[in-house]
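A.B. asks: Dropping a prediction and its sequence here:
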Amino acid sequence: MTALLDHPAPLPAAAVPVRPAPAKRATVRDPFIDILRVFGMALVVLQHWTIPVLAFDGARLTTGNALSTPGVWVVTWVSQVMPLVFFAGGAANAISFGRAAHGGPRWLATRLRRLAWPILPLAAVWIPLPQLLVTLGVPTQPLEVGSTITGQLLWFLAVYLIAVTATPYMMRLHDRYGLLVPVVLGAGAVLTDVLRFSTGLDALGYLNIVFVWLAVHQLGFRYAEGRLTRPGLMAIGGFGAAALLVAFGPYPGSMIGLPGAEVSNMAPPTLAMLAVSVGQIGLATLLRPWILRLRTEKLLAWAGPRIMTVYLWHMPALFAVTGVVVVGLGIDTPAPGGLGWFAGWPIWFGALCLVMWPLLKAFSRFEEPPALPYGEATWRGALTSAALVGGGLLALTVAGFAPGNTPFLAVLAILGGLLLTGPRTRV
């Protein structure tokens, strides 16, 4: 996603200077990181479009998951690619921060604008859309499902914003303590899970949003300095540890949340998810020489400026096709894995692509925030902006775009955070 993982040009000389980046840190664009970014988002879209098992009984839309089929959970150890996206984000942030002539608050304000700006058109469509469709006679419950899930998809941006905001601080810790930082974060994940499962207080698990994803993000820093030198050991150790945790611990085998499961490795993330993350990063880094031989230049040039739009709008495209085919025509999706499922999948996927194309044409222009005469940035302003944008994203993650005051107030918070990064004095 361009707004998440792009490597911006050096920033204007307006912020308070910070200590220069270490000499070994990369300062040029890395195609391997771009490939991971595009591959990760493409696989997210492919799964979201493929795994739903949908049925409508005239009043309620039921949503199942094809990956809940017994034995299929092992696929999620590779197909759950959010670890690679956070890893790529960490590497990209390290490179970007190292390139910035003046880091700190100006760098953070720039990243916040690129994260938050594409949310505004999504909100402009989804806040009034459910009310409009209800007045046109569309059943309420399917609309609630679509509105809620569209908002839930923003969880990634909310968590990634934490990583972006923490980057200047985490870079200092990384430069001073190196590998000890992700090790300590991993120890925090261990302690969190021990307390969670021993006390039965599942809410404690949400501490791992910080411990697990920041640990993965921190490994991206090490990659940017060329210090991930034993990828084979990481792959074997990570996947091996995950296998032991699933076999002898309280963790399910699936790395995505499944309907009816008592425990999810994803929400909140668990130690098993961290282990799989290490395995995935090791495997991807091990394959890096072969990956870089692929002719991906044209694909990256096309996908890079559109990947955030794809992420934000691929679920609305799914709901549009579902509304016509499943709710409107009463055609339920076939049972996963059967002949009807395989025969119908190309038609289903083609219909989704046809809906997605005009959405890309209409909304990809919002990936780049407007070029304004931005003024002097301060830590107080940048951190306040991060808190407002993060709070708005969190509210939308929890409440979605279902009718009510919450989505409207959440978008006001995001807009307020954007305004705080806006121009004050001309430079």
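C.D. replies: Cool, the structure landed.
A.B. asks: Quick one: the strands in the protein, in order.
C.D. replies: Assigned strands in the chain, in chain order: 52-56, 61-65 (criterion: DSSP state E).
A.B. asks: how close does residue 321 sit to residue 177?
C.D. replies: 49 Å (C-beta to C-beta, to the nearest Å). Backbone N, C-alpha and C define where each C-beta goes, glycine included.
A.B. asks: Name the nearest residue to residue 237, sequence neighbours excluded.
C.D. replies: residue 278 (6.7 Å; C-beta to C-beta, 6 or more residues apart in numbering).
A.B. asks: Looking at residue 321 and residue 177 now, which is surrounded by more residues?
C.D. replies: A direct count of neighbours by other C-beta atoms under 10 Å for residue 321 and residue 177 places residue 321 higher, at 20 against 12.
A.B. asks: distance of the more buried one from residue 335?
C.D. replies: As judged by C-beta to C-beta, residue 321 and residue 335 stand 19 Å apart.
A.B. asks: Enumerate every residue touching residue 182.
C.D. replies: Neighbour list for residue 182: 215, 218, 219, 222 [criterion: C-beta atoms under 8 Å, 6 or more residues apart in numbering].
A.B. asks: In helices only, show me those.
C.D. replies: Per DSSP state H, helices hold the following members of the contacts of residue 182: 215, 218, 219, 222.
A.B. asks: which of the contacts of residue 182 lies closest to residue 106?
C.D. replies: In terms of C-beta to C-beta, no member of the contacts of residue 182 lies closer to residue 106 than residue 218, at 22.8 Å.
A.B. asks: Show the low-confidence segments of the stretch 1-150 of the chain, by residue range.
C.D. replies: Counting by pLDDT under 70, the ranges of the stretch 1-150 of the chain that qualify are 1-28, 101-103.
A.B. asks: about what we covered before: could you redo the contacts of residue 182 as CSV and give each row distance to residue 150 and neighbour count?
C.D. replies: Conversion of the contacts of residue 182 to CSV gives the following (distance: C-beta to C-beta, whole Å; neighbours: other C-beta atoms under 10 Å):
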residue, distance to residue 150, neighbour count
215, 29, 25
218, 30, 28
219, 30, 27
222, 35, 21
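A.B. asks: contacting residues around the residue nearest to residue 133 when sequence neighbours are not counted?
C.D. replies: Leaving aside its chain neighbours, residue 133 sits nearest to residue 143 (5.7 Å; criterion: C-beta to C-beta, 6+ apart). The contact partners of residue 143, by C-beta under 8 Å, 6+ apart, come to 130, 133, 134.
A.B. asks: Cheers, nothing more for now.
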